[in-house]
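Visitor: structure, please.
(chains A, B, C and D)
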There are 4 protein chains.
Amino acid sequence: MKETYIKEFRPTELHNPVLIEGLPGLGLVGKIAIRYLVRQLKAEKFAYLYSPHFPYFVLVNKKGSVRLLRGAFYFWKNPAGVNDLILFSGDSQSQTIEGQYEIADKMLEFAKDHNVLTIVTIGGYRVETEAKPKVYVAATSPDILGKAVSAGAVVSRSGSPIVGTAGLILGLSRFKKIGALCLLGETRGYLPDPMAASSVLEVLKAEINFDLDLTGLKEDIARAEKMVQRLQTIEEKRALQAEETRKEEDKKTTYIS
Amino acid sequence: MKETYIKEFRPTELHNPVLIEGLPGLGLVGKIAIRYLVRQLKAEKFAYLYSPHFPYFVLVNKKGSVRLLRGAFYFWKNPAGVNDLILFSGDSQSQTIEGQYEIADKMLEFAKDHNVLTIVTIGGYRVETEAKPKVYVAATSPDILGKAVSAGAVVSRSGSPIVGTAGLILGLSRFKKIGALCLLGETRGYLPDPMAASSVLEVLKAEINFDLDLTGLKEDIARAEKMVQRLQTIEEKRALQAEETRKEEDKKTTYIS
Amino acid sequence: MKETYIKEFRPTELHNPVLIEGLPGLGLVGKIAIRYLVRQLKAEKFAYLYSPHFPYFVLVNKKGSVRLLRGAFYFWKNPAGVNDLILFSGDSQSQTIEGQYEIADKMLEFAKDHNVLTIVTIGGYRVETEAKPKVYVAATSPDILGKAVSAGAVVSRSGSPIVGTAGLILGLSRFKKIGALCLLGETRGYLPDPMAASSVLEVLKAEINFDLDLTGLKEDIARAEKMVQRLQTIEEKRALQAEETRKEEDKKTTYIS
Amino acid sequence: MKETYIKEFRPTELHNPVLIEGLPGLGLVGKIAIRYLVRQLKAEKFAYLYSPHFPYFVLVNKKGSVRLLRGAFYFWKNPAGVNDLILFSGDSQSQTIEGQYEIADKMLEFAKDHNVLTIVTIGGYRVETEAKPKVYVAATSPDILGKAVSAGAVVSRSGSPIVGTAGLILGLSRFKKIGALCLLGETRGYLPDPMAASSVLEVLKAEINFDLDLTGLKEDIARAEKMVQRLQTIEEKRALQAEETRKEEDKKTTYIS
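Guide: Here you go, the predicted model:
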């Protein structure tokens, strides 16, 4: 394997497909969103992406078998008949700069081969907030952008960067004449954040007009919030203790001088 | 995109063009100089340089659109008819060593294709000074060097390095039989430095003999000087406080021993 | 040398060979196991693997000669006639990500050329234990896995990573239609661990059904245990001293405040 | 420039040439030795080696001109007629692993094209000593090794590494059927060490049987020794002061508790 390649093990005819990408990143927003879509829509795996720019280890699977790190493509045939979906997620981002560009290129070639007209990439946007996560949007055309804004997304601030595959796919898509938009959910970023993923999926539903029940994410959100609270309690205790120690030391100092 | 490439989206006939390069670096001297030239001369964009050796993110543009990191070429038709100008700046230097050489190579090929006979590269030279920034010059021939010296530049000291694209273009230009010089403006380096850019542009005017009004930079310079003063005040306060603390501790120590 | 290549300096006909790989890694488990097999079976060297992804130094050999870092292939003709063996070890893992994939690829090509049907890779699994090291197994098919489990190995936990050549060979073997399993011996990892190697070799004997006397490793194991004990004694003394120092300081502090 | 290449700007017929290499490394032993040979023998430059794996800056030359980092080949026609010499030194080692292998490969191709039968590489061997530096030798054949030992060199210990171009040339030379030896002079390594270079040159003279006056190095050696003494004085003062400070603090502590 000298370069990134995509192996389609189950060739499939798709109708006006939209490709939705979500690799690991801040708050795992993209990965959680895609995983939920796959589960909820019962989407089916049909291709893998392998790359020598992924980390150099393999993962043990269920029952002691082994697999390379990879990305996986799933398809979902839309019964309403407007747009079928191709969903993409994976284990890792590229570990090298050149690999980042190569993987985005290969995904765009794959999209072109499947007559994809629009790509949605999903990621996280780091912010310290406890409010409902906002969704930021950037896109390759005003039309695509407008739809997301109507669905409640906020236009990304000029000059802000979009890092990794989610960004490079947008940057490179114009060379393939494919429209693309990126949805970034607000997240603190250091813990898996299903709430941010949920916000993104709400916008996505409206953007590409398909039906999706989001109640299945509620349990994950409750669990994540408990985890955040537990960490905050620990942090507050630690801060209190540090304060005590400081005061003790101040007293000693005063006594001596 | 496997390697750096230049896309000329608006083919243009130019007359004896001189190429002037200024990528981000110390004090952003090169970038500020090129930006000012583009604005002042109303130069027009005609080509982009893309590279998989740039950082792996994209930037959100105005109105939520997105673009890859890139370099941009502008042209200016000189009404006086001696030399037209090609101006080049961009978002970033290459992130890999091989990329640094590749980008300089591609720029030289582009210059050759446009019959460029002279290239000027612009950068910063780190120094702690409050005087008017000097301009250092190095060049591929005594003729080119002499002109810059007549215009007030100082010959670079033997053995000093010129880092990045500004340097490699000079080093590689002899393989293409293109003359080149590098102008380095003195700068503290950690803040954008329009004053250093202004010094460089003064030399440049004389070197390639064209008319340029530099008063437009005065406002930027005033703003930058205020920023430097503010930082100095902060730094002085911090030093004073550190001194106080040290004295307090000396007193304690004396008391104890 | 632009890429990894294998030089077979003594072409050899082998009968249903099994390839066993053990490069340096945690506790040097793989390297110790292969070295013991080579010595015990009097296996003979027949090929070298060179790579520009190995570290950039050479080693002085006996008598002042010099050699590149490399991997070495040995063969053993099994007198019982079931499976001949190819043994592989070397000086180093690849130093780059792409090199890791390239080396595993080249080894699989070499295996294919020699009609290898099964590959065993050997490594260490980090754990703090004083008990007899367990052996974890992962494999590309339930059949191969089952044999190792019958021989006392434990199935690797789902989701655990196998790093480096030992892992990538398993991950990439399916593209060459070669069966593969990985045996990981429990080890603390920071010292050469012949006990872990011995546990692995016991499973290996049963897996590929050949005769091997393991008593030769006992001396190495005794020496390694002595080394561990010596280090523990040093560590305990150090901990005791640190405790003393802490108490002394507590006393002082109490007195002052 | 996509890869390392050598530009021979003055093609030259040489008689049984020996190639002697000395790039920057520990104590600059190789570089100092080659520079002295070039000066003393009045050797003449005839080729440059350029590489995109060198650092990405250029150097200002005398009179404000500029050059890429590079290696340079010099030739010396031996009036005694046994072996002409090719001398090689340069600004830098490769900055990447692959580049290290590529540069050594290109140098061997160049040597083959010039019918070089023996290559000598020169480097430093780190050791804390004040005695006259010993010279360690490793070689690709017992014959070549033997001559250096007769001239006073010590055979390198088995298992010791030789890092960088000096090592890789030896490791790769067997693929080109060129004999090679490496001479390593003992050096503390952190300062330019003309004394180590002098020791190496003494062995070299005997090894390839040519006349060389080493008195010219005496002044450099005297200067280097003075520098070492000055640094030692500074270091001793610093140690003394640290000791004082420690005693003062001990007194305070005693007083308090």
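Visitor: which bits of chain A sit near chain B?
Guide: Taking Cβ under 8 Å from any Cβ of the partner chain as the criterion, chain A approaches chain B at residues A:94, A:97-98, A:100-102, A:105, A:137-142, A:145, A:155-164, A:167-168, A:170-172, A:175, A:180, A:182, A:253, A:256-257. All C-beta spots, glycine's among them, are computed from the backbone N, C-alpha and C.
Visitor: quick one: which of those sit in strands?
Guide: A:Val137, A:Ala138, A:Ala139, A:Val155, A:Pro161, A:Ile162, A:Val163, A:Ala180, A:Cys182 (DSSP state E).
Visitor: hmm, the fourth one is touching B:Ser65, no?
Guide: No - contact status for A:Val155 versus B:Ser65: not in contact, 9.7 Å apart, counting by Cβ atoms under 8 Å.
Visitor: now do the shared contacts for the two.
Guide: Listed as contacting both A:Val155 and B:Ser65 by Cβ atoms under 8 Å, 6 or more residues apart in numbering or on different chains are A:Ala138, A:Leu145.
Visitor: so A:Val82 is in which element?
Guide: With elements taken from DSSP states H and E, nothing contains A:Val82; it lies in neither a helix nor a strand.
Visitor: next one: A:Leu49
Guide: Take DSSP H and E as the rule and A:Leu49 turns out to sit in strand A:44-50.
Visitor: what is the neighbour count of A:Thr215?
Guide: Other residues near A:Thr215 come to 8 when the count uses other Cβ atoms under 10 Å in any protein chain shown.
Visitor: could you list the low-confidence segments of the stretch 151-257 of chain A?
Guide: Residues of the stretch 151-257 of chain A that meet the criterion pLDDT under 70 lie in A:249-257.
Visitor: go again with 90.
Guide: Confidence mapping of the stretch 151-257 of chain A against pLDDT under 90 gives the ranges A:189-191, A:206-211, A:224-225, A:227-257.
Visitor: ok, for the residue nearest the centre of chain A, nearest residue in space, not its chain neighbours?
Guide: Taking Cα atoms, centre = their mean, the centroid of chain A lies closest to A:Gly30, which sits 1.4 Å from it. What sits nearest to A:Gly30 in space, not counting adjacent residues and going by Cβ to Cβ, 6 or more residues apart in numbering or on different chains, is A:Gly22, at 2.8 Å.
Visitor: mind checking how far that neighbour is from A:Leu201?
Guide: With distances defined as Cβ to Cβ, to the nearest Å, the gap from A:Gly22 to A:Leu201 amounts to 10 Å.
Visitor: can I get the ones in strands among the residues of chain A next to chain B in JSON lines including distance to D:Leu69?
Guide: Shown next, in JSON lines, are these (distance: Cβ to Cβ, whole Å):
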{"residue": "A:Val137", "distance to D:Leu69": "46"}
{"residue": "A:Ala138", "distance to D:Leu69": "41"}
{"residue": "A:Ala139", "distance to D:Leu69": "44"}
{"residue": "A:Val155", "distance to D:Leu69": "46"}
{"residue": "A:Pro161", "distance to D:Leu69": "32"}
{"residue": "A:Ile162", "distance to D:Leu69": "36"}
{"residue": "A:Val163", "distance to D:Leu69": "32"}
{"residue": "A:Ala180", "distance to D:Leu69": "41"}
{"residue": "A:Cys182", "distance to D:Leu69": "41"}
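Visitor: scan those and report the most crowded one.
Guide: Neighbour counts for these were taken using other Cβ under 10 Å; the highest belongs to A:Ala138, which has 32 neighbours.
Visitor: tell me what it is bridged to.
Guide: A:Cys182 (DSSP bridges).
Visitor: hang on, the earlier thing: more crowded one of A:Gly22 and A:Leu201?
Guide: Comparing A:Gly22 with A:Leu201 by neighbour count (other Cβ under 10 Å), the higher total belongs to A:Gly22, at 28 against 25.
Visitor: for the more buried one, phi and psi?
Guide: phi -150, psi 90 (degrees, to the nearest 10).
Visitor: that one and A:Ile34 touch, don't they?
Guide: Yes - if you go by Cβ under 8 Å, A:Gly22 and A:Ile34 touch, sitting 3.9 Å apart.
Visitor: which residues do the two both contact?
Guide: Counting by Cβ under 8 Å, 6+ apart, the residues touching both A:Gly22 and A:Ile34 are A:Leu87, A:Phe88, A:Ser89, A:Ile122.
Visitor: tilt between the helix or strand the second one falls within and strand A:44-50?
Guide: Going back to what we said before, that points to A:Phe88. Per DSSP H and E: A:Phe88 is located in strand A:85-90. Relative orientation of strand A:85-90 with respect to strand A:44-50: 40 degrees, computed using axes from the mean of the first three to the mean of the last three Cα atoms, to 10 degrees.
Visitor: what about strand A:85-90, distance to the chain center?
Guide: The chain centroid and the centroid of strand A:85-90 are separated by 11 Å, computed with Cα atoms, centre = their mean, to the nearest Å.
Visitor: ok, stretch A:25-44 next?
Guide: On the basis of Cα atoms, centre = their mean, stretch A:25-44 is displaced by 8 Å from the centre of the chain it belongs to.
Visitor: sorry, back to before: which other helices and strands does the strand holding A:Leu49 contact?
Guide: Applying 3 or more Cβ pairs under 8 Å, 6 or more residues apart in numbering or on different chains; DSSP states H and E, one finds that strand A:44-50 contacts strand A:5-8, strand A:71-76, helix A:97-113.
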